[in-house]
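Participant: the following comprises the amino acid sequence and a computationally predicted model.
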Amino acid sequence: QAQVEESGGGLVQAGGSVRLSCAASGRVETVYGMGWFRQAPGKEREFVAGIVQSRSSAVYSDSVRGRFTISRDNRRNMAWLQMNALTPEDTADYFCAIKIVKGANWSEWGQGTQVTVSS
């Protein structure tokens, strides 16, 4: 079974930047997909960004495209989310999730890291 752990959240002013990290460890050799989700207070969890093992393409939600960048290191099973031009609307708990193989669901989730953007 794999474990997923996020880090890097915190308090930032509007217009600032934060970089989140995600590490998948445990009984996993390769991870097909790594993704970021977020859940704001009182709202449902939403997809933010995802990237597959080939790193040939990344997918972003409309609300973050152009401001956030997802990247990954396949050898270390790590992913990062660089978040720029943050707004208070980006305030949320951010979760990393992984797909072990293509076509699978997001099967393993981290506990989340909080990002708070002050105006």
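Facilitator: Structure received. Note that this is a predicted model, so its numbers are computed, not measured. Numbering: from 1, shown residues only.
Participant: residue 101 versus residue 112, what's the distance?
Facilitator: Distance, residue 112 to residue 101, by CB to CB, to the nearest Å: 24 Å. C-beta here means a position set from N, CA and C on the backbone, and glycine is covered the same way.
Participant: so the two - more neighbours on which side?
Facilitator: Taking neighbours as other CB atoms under 10 Å, residue 112 and residue 101 compare with residue 112 leading, 17 against 11.
Participant: list the residues that contact that one.
Facilitator: 6, 39, 93, 94, 95 (CB atoms under 8 Å, 6 or more residues apart in numbering).
Participant: for residue 20, same thing?
Facilitator: 6, 7, 8, 9, 36, 80, 81, 83, 94, 96, 113, 115.
Participant: redo that, cut-off 6 Å
Facilitator: Contact analysis of residue 20 by CB atoms under 6 Å, 6 or more residues apart in numbering lists 8, 81, 94.
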